[in-house]
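Engineer: just to be clear, the model below is a prediction. Sequence and coordinates:
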Amino acid sequence: KGMNHYSLRGDKLFLNSYLDRKSFSKIFRKEDIIVSGNPKYDPYWTQKFYKKIDTKNKIIVAYISRFDLVDESYKKKLENQLIDLIEILNKLNKEIIFKIHPTKNSPHYKILLKKYAKFKWIESQKNLIELTKNCFCCITHPYSSAGFDAIMNSRPVLQLWPIKIDSDTEKQKLIKSNLYIKEKSSFVKLNLILTTKSPKDFSKKIRLISKKKITKKVNLKIKKIYPPQKNTIKRILD
């Protein structure tokens, strides 16, 4: 609906996904829309710039540290969620790499990690494409787009359980801070990631992933949504 409020100026429109073509054809000439895919996922690019290393013992946590953006009562809930996550990860004996959101990056999470974590952990500034290329699992928040790079690298994405909202007042505060999203993410709708309902459910699923008893077969689904990754750069240049 809102897409009619602006216009695109150009002779050609390149899109990442076949799903985008229907929406953009309302405001751009169909014959000039090219679904090219994203060049950053082209194997030529990823093999040239991102090293592939052993991935058996690495988990990527794409963490949104928003402790400074909420009131004290919700901050306590965020703390409890992170402590629960740390306790689960303590039992896995894996190396944990935290990739912190570029703007929602309160350093408070480090206090909790230093206090409760028994595992080896580091914070990385590397691109998520490279990080997820070198892990066996990626953990994300609900509604986060961070897991997309893991999906394109054929790595399972496990979503943290949602935090319970106790009152309409709390809900309104989150809406005001742009921290509340009602709709399911596209990844959930397309069944590309694993969701969890609680710490217990999360613990069960990450153990099954680590034992390779749960895998998310996304490659066939991705082919229906995106062009082949191979030769994306050549396709765009041609």
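Structural biologist: Sure, I can see it.
Engineer: quick check: mean pLDDT of the strand ranked longest in the chain?
Structural biologist: Identified as the longest strand of the chain according to DSSP state E is strand 95-105. Strand 95-105 comes out with an average pLDDT of 94.
Engineer: got it, and stretch 126-133?
Structural biologist: Stretch 126-133 comes out at a mean pLDDT of 92.
Engineer: the longest strand of the chain packs against which elements?
Structural biologist: On a contact count with 3 or more C-beta pairs under 8 Å, 6 or more residues apart in numbering; DSSP states H and E, strand 95-105 meets strand 58-65, helix 108-116, strand 121-123, helix 128-133. Heads up, the C-betas are built off the backbone N, CA and C, glycines and all.
Engineer: need the contact list for S198.
Structural biologist: W161 (C-beta atoms under 8 Å, 6 or more residues apart in numbering).
Engineer: distance check, it against K204.
Structural biologist: According to C-beta to C-beta, to the nearest Å, S198 stands 10 Å off from K204.
Engineer: about what we covered before: flag every buried residue along the longest strand of the chain.
Structural biologist: I96, I97, F98, K99, I100, N105 (16 or more other C-beta atoms under 10 Å).
Engineer: skipping adjacent residues, who's closest to the fourth one in space?
Structural biologist: The reference is to K99. Spatial nearest neighbour of K99, excluding adjacent residues (C-beta to C-beta, 6 or more residues apart in numbering): A62 at 5.0 Å.
Engineer: just the angle between the longest helix along the chain and strand 58-65, please?
Structural biologist: Secondary structure assigned by DSSP state H gives helix 72-90 as the longest helix of the chain. Angle of helix 72-90 versus strand 58-65, following axes from the mean of the first three to the mean of the last three C-alpha atoms, to 10 degrees, is 180 degrees.
Engineer: now for the protein, the helix or strand with the poorest mean pLDDT.
Structural biologist: Scoring the helices and strands of the chain by mean pLDDT, DSSP states H and E places helix 168-176 at the bottom, with a mean of 70.
Engineer: other SSEs contacting it?
Structural biologist: helix 72-90.
Engineer: try 7 Å
Structural biologist: The helices and strands touching helix 168-176, judged by 3 or more C-beta pairs under 7 Å, 6 or more residues apart in numbering; DSSP states H and E, number zero.
Engineer: buried ones in it?
Structural biologist: For helix 168-176, using 16+ other C-beta under 10 Å, the buried residues are E170, K173, L174.
Engineer: mind putting those into CSV with distance to L237?
Structural biologist: Putting the buried residues of helix 168-176 into CSV (distance: C-beta to C-beta, whole Å) gives the following:
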residue, distance to L237
E170, 51
K173, 49
L174, 45
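Engineer: low pLDDT regions in the protein?
Structural biologist: In the predicted model, the chain carries pLDDT under 70 at residues 1-7, 175-183, 214-220.
Engineer: that older thread, what lines up beside the longest strand of the chain in the sheet?
Structural biologist: Pairing partners of strand 95-105, with direction, according to DSSP bridges: strand 58-65 (parallel), strand 121-123 (parallel).
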